[in-house]
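Peer 1: The amino acid sequence is not available; the structure is as follows:
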């Protein structure tokens, strides 16, 4: 089973890479056969990743402590629910869960668009395939992210951290990851709309349900995480402005702004550039949140330790964010608004002000969260920003909102 899981991830990486390349070639050369092949590769990638997950869960359930990951996050006395949930108890397993969800959503995207949106599908498939390839590259080649690393035979394991042996551990991370990952689909269609110059309302009408789905699960995951932290860690409040809490709040704020803003584009044909910017920002902040959690560059009570995964995430985030902005700038000529704000008291103006406040809160949280990194880089001294400064700045924003 361990060998099967290991090779399943390796061949999943090959298929995801092929899906990326074939769909891109289909877009460039208009090859329908290549696009069909790419979409089948996405389905195959999901099947292979699901096989790897089953193999890893089998190792947990059978106490196979030869696997380093099972040894560190399970034990013979660990209750069955926590043996199952130990899959996402560490970095390698949580990344595997992430790419499993992404491949599942990519498969749903492919299956539900077999007879529609064919002009957008090559680029959308390529974006999803590239994201899967990145995550599969991590779980295949980086030591801290590989779930099938073998060690010596051991009679028992270390077990989960006692703070993770909580009911909410079973539902909070998968719920949060569902929200994070689902924003990939609207982002993929937005990039497809820019690349094909089809920047009307088709791309966001197609992904409206995906956006609502992602927003709902990310928001629910945040609430569950806040409650879990309150009852388990005793931080003294439901929101302690911990960096990892902030990492999930920022894309939710940007996603909330996007949900409101696309209504204006749908009704009035306005805010096209703004909507593209918001969905790029939302997806980038989702990747940034994962980067914060796993890079170890900011101290947090529930971030992973410093590892070799941080630089890889940093490079991928840079490619996604700046590459998307470059594409956006080159398509400004097809993103002209079809209407104008009629007055400061119009419904459209209210939505725009609402957007500005939500993005302002997100930008404030981003700046204060990353300030320790900025201060250390500038002065050599790391200054930690605590809850008082976050409350001082954000409570007025919230009152205005």
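Peer 2: Now that the structure is in, tell me what you want to look at. Bear in mind that the values here come from a model prediction, so they are computed numbers and not experimental data.
Peer 1: measure residue 358 to residue 250 for me?
Peer 2: Between residue 358 and residue 250 the computed distance is 10 Å (CB to CB, to the nearest Å). For the C-beta atoms, the positions are set from N, CA and C on the backbone; glycine is no exception.
Peer 1: Show me what the longest helix along the chain is packed against.
Peer 2: Longest among the helix segments of the chain by residue count, using DSSP state H, is helix 347-379. For helix 347-379, the packing partners by 3 or more CB pairs under 8 Å, 6 or more residues apart in numbering; DSSP states H and E come out as helix 243-268, helix 272-295, helix 387-400.
Peer 1: per-residue confidence averaged over the second one?
Peer 2: So the one you mean is helix 272-295. Taken as a whole, helix 272-295 carries a mean pLDDT of 89.
Peer 1: quick one: it to helix 347-379, angle?
Peer 2: Helix 272-295 runs at 40 degrees relative to helix 347-379, counting by axes from the mean of the first three to the mean of the last three CA atoms, to 10 degrees.
Peer 1: cool, the first one as well?
Peer 2: Between the axis of helix 243-268 and that of helix 347-379 there is an angle of 150 degrees, by the same axes, to 10 degrees.
Peer 1: Helix 243-268 packs against which elements?
Peer 2: Under the contact definition 3+ CB pairs under 8 Å, 6+ apart, helix 243-268 sits against helix 172-182, helix 202-206, helix 208-232, helix 272-295, helix 347-379.
Peer 1: Can you list the buried residues in that helix?
Peer 2: By neighbour count, with 16 or more other CB atoms under 10 Å as the criterion, the buried positions of helix 243-268 are 243-265, 268.
Peer 1: Also stretch 145-156?
Peer 2: Using 16+ other CB under 10 Å as the test for burial, stretch 145-156 gives 145-149.
Peer 1: so where do the helices sit in the stretch 1-150 of the chain?
Peer 2: Secondary structure of the stretch 1-150 of the chain by DSSP state H, counting those that start in this stretch: the helices cover 2-29, 32-61, 68-73, 80-85, 91-112, 121-141.
Peer 1: Centre of the chain to the last one, how far?
Peer 2: Taking the mean of its C-alpha atoms, helix 121-141 sits 13 Å from the chain's own mean (CA atoms, centre = their mean, to the nearest Å).
Peer 1: next one: stretch 157-174
Peer 2: Stretch 157-174 has its C-alpha centroid displaced from the chain centroid by 21 Å (CA atoms, centre = their mean).
Peer 1: Need the contact partners of that stretch.
Peer 2: 63, 65, 70-79, 81-82, 84-86, 88-89, 94, 97, 101, 221, 224-225, 227-228, 231-233 (CB atoms under 8 Å, 6 or more residues apart in numbering).
Peer 1: Provide the contact partners of the strand or helix carrying residue 194 at residue level.
Peer 2: Element membership of residue 194, judged by DSSP states H and E, is helix 184-196. With CB under 8 Å, 6+ apart as the test, helix 184-196 has contacts from 27, 102, 105-106, 109, 117, 119-125, 127-128, 131, 198-200, 202-204, 206-207, 210-211, 214, 258, 276, 279-280, 282-283, 286, 324, 327-328, 331.
Peer 1: what angle do that helix and helix 121-141 make?
Peer 2: 130 degrees.
Peer 1: Please shift the residue numbers so they start at 10 in all later answers.
Peer 2: OK, 10 is where the count begins now, so the last one is helix 193-205.
Peer 1: still on that earlier bit, biggest separation within the buried residues of stretch 154-165, which pair?
Peer 2: The distance between the two most remote of these (CB to CB) is 10.9 Å, for 154 and 157.
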